[in-house]
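1. below are the sequence and a predicted model for it; my questions follow.
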Amino acid sequence: KSLPYFCRGEVVRGFGRGSKELGIPTGEFKGNCFLINRNPLSTAFISTLFHTYVSSLNYPSAANFPDSVVEYLPADIGTGIYYGWACVGNGDIRKMVMSIGWNPYYKNTKKSMETHVIHTFKEDFYGEILSVVLVGYIRPETSFPSLEALIAAINNDIEQAKFKLELPEHLKLKEDNFFTAAI
Ligand code: ADP
Ligand code: MG
């Protein structure tokens, strides 16, 4: 089992659908997302690895990087809705829900990871490093009969995430030094 799963990546622009159509912004990782299952590696090791990875990146010409490192998620982290913890830059650690799946705008050829941080931010945070730990699974991806039904489902996901993350075993992950490790 690959959960909890730790990852960091630069927040890039998607299609602006999250805010516009759903009223729920979803920060998108693309290209430069770095994913690693910390178990059984040590945080210090990962931090070093991540640092090496980031400094090896030349963002404007990162084109020969796979478009979506999402493709390298372990097999048991399938598509669907996950909950966990997220941190923007060096900011506070907050609850999040994440959708992992196929973006129809890419003709189903590209999987994406879209994170909604359960917090109202004053500003966008494109270009910031988003650190995330996937803690648990909520439900599979489904298509909905209407946008309203989709929004209702997402709001339900958010409520579930808020509730489940209060479990002591999940609260513990919020304190993980993955979030404080220098990037
Ligand atoms: P995009 O299509 O570029 O992903 P969205 O409409 O989905 O655009 O909005 C996502 C962006 O909104 C994020 O990249 C981030 O900069 C900003 N944002 C503001 N508040 C949040 C939040 N609570 N969770 C996620 N992203 C947020
Ligand atoms: Mg989005």
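-> Received the coordinates, thanks. Numbers count the residues shown, from 1 in each chain. Ligands and ions are numbered 1, 2, ... in the order given.

2. can you name every helix or strand that the helix or strand Met113 falls within contacts?
-> Assigned by DSSP states H and E, Met113 falls within strand 111-117. Contacts of strand 111-117 with other secondary structure elements, assessed using 3 or more C-beta pairs under 8 Å, 6 or more residues apart in numbering; DSSP states H and E, are made with strand 27-29, strand 80-88, strand 93-102. In short, each C-beta sits where N, CA and C put it, glycine included.

3. if we go to 10 Å?
-> Under the contact definition 3 or more C-beta pairs under 10 Å, 6 or more residues apart in numbering; DSSP states H and E, strand 111-117 sits against strand 5-12, strand 27-29, strand 80-88, strand 93-102, strand 129-139, helix 147-164.

4. tell me how many other residues surround Ala153.
-> 15 (other C-beta atoms under 10 Å).

5. any stretches of this protein with poor pLDDT?
-> Residues of the chain that meet the criterion pLDDT under 70 lie in 15-21, 29-72, 103-110, 182-183.

6. buried residues of the strand holding Met113, list them for me.
-> Lys111, Ser112, Met113, Glu114, Thr115, His116, Val117 (16 or more other C-beta atoms under 10 Å).

7. does that strand reach ligand 1?
-> Yes: among the residues of strand 111-117, Thr115, His116, Val117 lie within reach of ligand 1 under C-beta under 6 Å from any ligand atom.

8. now swap in stretch 127-138 and tell me
-> No: taking C-beta under 6 Å from any ligand atom as the criterion, stretch 127-138 and ligand 1 are apart, separated by no less than 7.5 Å.

9. and stretch 85-103, by the same measure?
-> No: for stretch 85-103 and ligand 1, the contact criterion (C-beta under 6 Å from any ligand atom) is not met; the two come no nearer than 7.3 Å.

10. quick one on the thing from earlier: which of the residues of strand 111-117 next to ligand 1 lies closest to Arg139?
-> When these are ranked by distance to Arg139 (C-beta to C-beta), His116 comes first, at 14.6 Å.

11. now render the residues of strand 111-117 next to ligand 1 as CSV, adding distance to ligand 2.
-> Output for those, formatted as CSV (distance: C-beta to the ion, whole Å):
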residue, distance to ligand 2
Thr115, 8
His116, 8
Val117, 11
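
12. for Gly78, what is the enclosing helix or strand?
-> Using DSSP H and E, Gly78 maps to neither a helix nor a strand.

13. can you tell me how far the closest residue to His119 other than its chain neighbours is from Leu73?
-> Beyond its immediate neighbours in the sequence, the residue positioned closest to His119 (C-beta to C-beta, 6 or more residues apart in numbering) is Arg94, lying 4.7 Å away. Spatial separation of Arg94 from Leu73 under the definition C-beta to C-beta, to the nearest Å is 22 Å.

14. now swap in Leu130 and tell me
-> Taken as C-beta to C-beta, the spacing of Leu130 relative to Leu73 amounts to 16 Å.
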